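Chemist: Here's my sequence, what's the structure:
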Amino acid sequence: MTDLEEEVFIQYIIDIDERGFASKLSNVEDMANYILELQRAKKIRKL
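Modeler: Numbering: from 1, shown residues only. Next up, the predicted model:
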């Protein structure tokens, strides 16, 4: 992840917590995997 993506990811987790929702590990993992998938897609399109 880039530094910006990591900051957004951390803010996403904080926002969930501040809204009173439990940040389940599976949800956090899903979001991280989604970001990583987007990175791969961007790299493929640049070819």
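Chemist: Please spell out which residues along stretch 25-38 are buried.
Modeler: 31, 35 (16 or more other Cβ atoms under 10 Å). (Each C-beta comes from the backbone N, C-alpha and C, glycine too.)
Chemist: contact partners of the strand or helix carrying Glu7?
Modeler: In the assignment (DSSP states H and E), Glu7 maps to helix 3-18. Residues from elsewhere that reach helix 3-18, judged by Cβ atoms under 8 Å, 6 or more residues apart in numbering: 1, 22-23, 27-28, 31-32, 35, 39.
Chemist: Please identify which pair of these lies farthest apart.
Modeler: Ala22 and Gln39 (27.1 Å; Cβ to Cβ).
Chemist: of those two, who's got more company?
Modeler: Per other Cβ atoms under 10 Å, whichever of Ala22 and Gln39 has more neighbours is Gln39, with 13 against 8.
Chemist: from what I can see that one touches Met1, true?
Modeler: Yes - counting by Cβ atoms under 8 Å, Gln39 touches Met1, with 7.5 Å between them.
Chemist: coming back round to it: turn the contacts of helix 3-18 into TSV, including pLDDT and secondary structure.
Modeler: Below are those laid out as TSV (pLDDT from 0 to 100; DSSP: H, G, I helix; E, B strand; the rest coil):
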residue	pLDDT	secondary structure
Met1	76	coil
Ala22	79	coil
Ser23	77	coil
Asn27	82	helix
Val28	84	helix
Met31	82	helix
Ala32	82	helix
Ile35	82	helix
Gln39	79	helix
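Chemist: Adding distance to Tyr12, write these out as CSV.
Modeler: As requested, these are arranged in CSV below (distance: Cβ to Cβ, whole Å):
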residue, distance to Tyr12
Met1, 12
Ala22, 14
Ser23, 9
Asn27, 10
Val28, 9
Met31, 6
Ala32, 10
Ile35, 10
Gln39, 16
